[in-house]
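J.: sequence plus predicted model, see below.
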Amino acid sequence: FAAGFEVKYWEAPTRDGGVSCRRFFCQNYQRHEKITLDAAHPQLQDATDGSNMIDGVRLKVAAGPRIRYLEAATLDRTVSPEQLAAALRSCTNLISCCLTECRIDSAVLSALPRSTLRSLRLSMCTGMTDASLAAALRGATALRYLDIEASGEQQPTLPGPASAQLLRFSKLIVLRLSDRGCGSAGFVDHRCLGHLALRPTLDNQHNSGITTSLTTLHIEHRFRERTPPAPLSLVQAIARCNRLSDVDGFRLPSTIPSANVAARINRLLVSPSDLRRLADTSSSVHRSWMHLRELLIVATKDSKNSLGALDARLIALFKALGVHLTSFVVRVHCQAGQLSDIFPQLPNLRHCSLANALGPGEFFEPKAKSTKNSKASDLHDLHGHHDADLRFLSRHCPQLRVLDLSNTNGAYATFSEIALENLVDRLQHLTDIYLYECGSKFNYRSIPTKGGRVAVHYASFSPASPTTSATSHNSNSTTSTNGGSADAHSAALSQPVRSNSNKR
């Protein structure tokens, strides 16, 4: 078994393609190699079908009391729940456990040690039910980090009544529930979570219960556009958690929350109509969002895929929120020049994602009617319609680190090369810029990389071929990975190669 991994909870300081990566992850620590069981190493995966080459016998031999950290993935075909339970039962000193695509049941999770386990991650595991989750929580006095990802369309809603009652008396610090594996249907039961789990215990004066310990609550949806407004039960639950400081998956509810709740929200998801409802409130309500660090504007079923006209109230709202805002994500269409009025209100911005927000590409236009045999040379340049927006971004957001200008509409870039070069020159702290699917005629190698300090992530696209490749800017070598969307490209380039060339 490959060794040297410890499971911790981590929030990515940078975003890949504008998608927040908040999950339990494995960080290499060589000093832990003798107490780590890693059954998820790529060398253990079968290249033909993706299954794991570890069987139940080898897993049982590798397990034992010396194991403190365990990570296993894709064991659903080779290891039965009984074999997995036997291996976990022998790990009596286990501190951290991460299971991905494994078959589990109540017996498997009951085999986890009660007094030592601190972090548990269950990702896309079949057999995850209310009863099995309750088995993992029952008596787990040391558990502080819990991360659950749905396993598929048939995933039952969680937490259920049994597991919610046990969550209520736990001392969790971090709770993450993600339905990214279950398609369009969500699996988080907001009623049980708000009314049963996140409620103070009777002996709350003795500093017990989840409401006195929880600091991080992430409810992540696979499609942010389908995130429903936060229900009243969740809003009330957030108000009860005294130490809560990191909330993800919170969309502005139908009723504007109180100042007590607004002060606990650091990530807010809104639609254009939500944004206008918030702008119609008083300036004191605007200032109550004092801890807001990330604002995500997405199109929802009840709103148009457009930011709409900006008026004085919206500008005043951005000015109030922009005092502390460090991340700005836009997933709706923006007219040319609209962002020029917003960026001056966001002086502390570190991360900005405008992927798919700059509208249909008009920077390149065919000279003649396009055919199946058209080539990139048949296209000629037009002036970029969003050059002014990039100019205002570089002028008013000097602390920017990560910028995503990807265009996943199959259109070409709506900004000129000279505007992008000037932006990179002006932003002294820029480290990563994403330009996926912005057209093959765009000269990515002309972008200054400042001696390798700026990583340029781009995808080549040819009108004659639908093949798209993700590439990281490098003067000596080029690495390519097949991919489709900007998010897929970003995941493939989590460690980009940085160029040593600054030649235009």
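T.: Received the coordinates, thanks.

J.: run the chain-centre distance for the helix or strand where Leu146 lies.
T.: In the assignment (DSSP states H and E), Leu146 maps to strand 145-149. The chain centre lies 14 Å from the centre of strand 145-149; the measure is Cα atoms, centre = their mean, to the nearest Å.

J.: by contact count, what packs against that strand?
T.: strand 22-28, strand 119-123, strand 174-178 (3 or more Cβ pairs under 8 Å, 6 or more residues apart in numbering; DSSP states H and E). (Glycine included, C-beta is placed from N, CA and C.)

J.: got a pLDDT number for Leu94?
T.: Per-residue confidence (pLDDT) for Leu94: 93.

J.: in the stretch 301-450 of the chain, which spans are helices?
T.: Taking DSSP state H, counting those that start in this stretch as the criterion, the stretch 301-450 of the chain carries its helices at 312-321, 339-342, 387-396, 417-426.

J.: identify the residues contacting Thr201.
T.: The contact partners of Thr201, taken as Cβ atoms under 8 Å, 6 or more residues apart in numbering, are 168-169, 208-209, 211.

J.: ignore what I typed, I meant Ala85.
T.: Taking Cβ under 8 Å, 6+ apart, one finds 107-108, 110-111 in contact with Ala85.

J.: between those, identify the one with the most neighbours.
T.: Of all these, the highest neighbour tally under other Cβ atoms under 10 Å goes to Val108, namely 27 neighbours.

J.: now that one. Nearest residue, chain neighbours left out?
T.: If the residues on either side of it in the chain are set aside, Val108 comes closest to Ala85, at 4.6 Å by Cβ to Cβ, 6 or more residues apart in numbering.

J.: can you tell me the element that neighbour falls in?
T.: helix 81-90.

J.: which of the residues in that helix are buried?
T.: Across helix 81-90, burial judged by 16 or more other Cβ atoms under 10 Å covers 81, 83-90.

J.: for stretch 420-432, same thing?
T.: Result for stretch 420-432 [16+ other Cβ under 10 Å]: buried residues 420, 422-424, 426-427, 430-432.

J.: just curious, which of those is nearest to Asn443?
T.: Leu420 (9.8 Å; Cβ to Cβ).

J.: which residue packs closest to that closest one, ignoring adjacent ones?
T.: With Cβ to Cβ, 6+ apart, the residue lying closest to Leu420 is Ile447, at 6.2 Å.

J.: okay, the buried residues of helix 81-90 in a markdown table with distance to Phe223 and pLDDT next?
T.: Formatted as a markdown table, the buried residues of helix 81-90 follow (distance: Cβ to Cβ, whole Å; pLDDT from 0 to 100):
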| residue | distance to Phe223 | pLDDT |
| --- | --- | --- |
| Pro81 | 31 | 95 |
| Gln83 | 36 | 95 |
| Leu84 | 32 | 95 |
| Ala85 | 35 | 95 |
| Ala86 | 39 | 95 |
| Ala87 | 36 | 94 |
| Leu88 | 34 | 95 |
| Arg89 | 39 | 95 |
| Ser90 | 41 | 94 |
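
J.: low-scoring stretches of the stretch 201-350 of the chain, by residue?
T.: 202-208, 301-303 (pLDDT under 70).

J.: so where do the strands sit in the stretch 201-350 of the chain?
T.: Remark: strands assigned in the stretch 201-350 of the chain by DSSP state E, counting those that start in this stretch are 216-220, 246-248, 267-270, 294-298, 327-331.

J.: indicate which one of the ones you listed is closest to Val174.
T.: Of these, nearest to Val174 by Cβ to Cβ is strand 216-220, at 4.2 Å.

J.: what sits up against that closest one?
T.: Contacts of strand 216-220 (Cβ under 8 Å, 6+ apart): 9, 22, 173-180, 188, 234, 238, 241, 244-250.

J.: what's the spacing between the residue nearest to Val108 and Ile104?
T.: 9 Å (Cβ to Cβ, to the nearest Å).

J.: wait, Gln155 touches Phe187, no?
T.: Yes. Using Cβ atoms under 8 Å, Gln155 makes contact with Phe187 at a distance of 4.7 Å.

J.: shared neighbours of the two, which are they?
T.: Asp179.

J.: the buried residues of helix 81-90 into JSON lines, with extra columns for distance to Leu400?
T.: Below are the buried residues of helix 81-90 laid out as JSON lines (distance: Cβ to Cβ, whole Å):
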{"residue": "Pro81", "distance to Leu400": "48"}
{"residue": "Gln83", "distance to Leu400": "50"}
{"residue": "Leu84", "distance to Leu400": "46"}
{"residue": "Ala85", "distance to Leu400": "49"}
{"residue": "Ala86", "distance to Leu400": "52"}
{"residue": "Ala87", "distance to Leu400": "47"}
{"residue": "Leu88", "distance to Leu400": "45"}
{"residue": "Arg89", "distance to Leu400": "51"}
{"residue": "Ser90", "distance to Leu400": "50"}
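
J.: closest to Arg199 out of those?
T.: Nearest member of the buried residues of helix 81-90 to Arg199, counting by Cβ to Cβ, is Leu88, at 30.6 Å.

J.: look up the closest residue to that closest one, ignoring the ones flanking it.
T.: Ala111 (4.1 Å).

J.: for Gln43, which three-state class applies?
T.: helix (DSSP: H, G, I helix; E, B strand; the rest coil).

J.: any idea how far it is from Ile54?
T.: Taken as Cβ to Cβ, the span from Gln43 to Ile54 is 11 Å.

J.: now do Cys334
T.: 49 Å.

J.: please apply the same query to Ser340.
T.: Taken as Cβ to Cβ, the span from Ser340 to Ile54 is 56 Å.

J.: same question, Leu405
T.: 42 Å.

J.: Tyr458 now?
T.: Tyr458 is 38 Å from Ile54, by Cβ to Cβ.
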